[in-house]
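1. Give me a model of this one.
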Amino acid sequence: MGHPRFKPFDFQRWIAENEDQLKPPVSNKKLFDQDSGLIVMIIGGPNQRVDFHDDPAEEFFYQLRGDMLLKIHDGGELYDVPIREGEVFLLPPHVRHSPQRPVPGSIGLVVEGARLPEARDGFEWYCFDCGAMVDRVEVKVTDIVKDLPPLFDAFYGDTARRTCGTCGSVHPGREPPAGWANLT
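-> All right, here's what the predicted structure looks like:
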């Protein structure tokens, strides 16, 4: 006899039934709603971001369909880490990263550790001209779908916050510059 609560399910069918929710602006749906030690998300493309996430937990990426690009800002340098269909990648905590999914219909699985009560996620924006940090916000994330859009909207809607204190350039806001997410 099978257990009444603990049952596997058809993952590919779940994706097919929820694919309409894997679209911008967040393109993200939690695979499991119950509280646990993990946050398991399915993320669809196309989706491009200009912020960099400072996650207090590790992030595990598994690219199920299509390719993605993980931009990493580390030691003052910007790096592109392509994650191809079928590949996995483990990102350590606090490595600034910006997931780019320029391929329509691409789907990835991302697993993060649940946040400790005192943990705060950081979101940073960097100048496209000189590379300096333009802005940073920290927040206790409880629901990625609800918590992030107001943070992003506040940054995009405030020219003063988008103005680089180092070179004076104004961050373009929502739209990345041409060639930002190049998967060649």
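2. Determine the longest helix present in this structure.
-> Residue-count comparison of every helix in the chain, with assignments taken from DSSP state H, identifies helix 144-156 as the longest.
3. How far does that helix sit from its chain's centre?
-> If you compare the mean C-alpha spot of helix 144-156 with that of the full chain, they lie 12 Å apart, counting by C-alpha atoms, centre = their mean, to the nearest Å.
4. how far away is the residue nearest to the spatial centre of the chain from residue 6?
-> What sits nearest the mean C-alpha location of the chain, by C-alpha atoms, centre = their mean, is residue 99, with 4.8 Å. Per C-beta to C-beta, to the nearest Å, residue 99 is found 31 Å from residue 6. All C-beta atoms are positioned from the backbone trio N, CA, C, and that covers glycine.
5. Ok, residue 55 next?
-> In this view, residue 55 and residue 6 are 29 Å apart by C-beta to C-beta.
6. next one: residue 164
-> 52 Å.
7. neighbour count winner among these two?
-> residue 164 (20 against 6; other C-beta atoms under 10 Å).
8. close enough to count as contact, that one and residue 131?
-> No: with contact defined as C-beta atoms under 8 Å, residue 164 does not reach residue 131; the gap is 9.4 Å.
9. Check the chain for me, the residue farthest from its geometric middle.
-> Largest separation from the mean C-alpha position in the chain: residue 1, at 40.3 Å (C-alpha atoms, centre = their mean).
10. tell me the contacts of that residue?
-> For residue 1, no contacting residues are found, by C-beta atoms under 8 Å, 6 or more residues apart in numbering.
11. What does the pLDDT read for it?
-> Among the per-residue scores, residue 1 shows a pLDDT of 85.
12. Is the residue nearest to the centre of the chain in a helix, a strand, or coil?
-> For residue 99, the secondary-structure state derived from DSSP: H, G, I helix; E, B strand; the rest coil is strand.
13. how close does the residue farthest from the centre of the chain sit to residue 7?
-> Taking C-beta to C-beta as the measure, residue 1 and residue 7 are separated by 12 Å.
14. now this protein, which segments are flagged as low pLDDT?
-> Where the chain drops to pLDDT under 70, the residues are 25-26.
15. let's see 80
-> For the chain, the stretches flagged by pLDDT under 80 are 24-26, 34-36, 144-145, 184.
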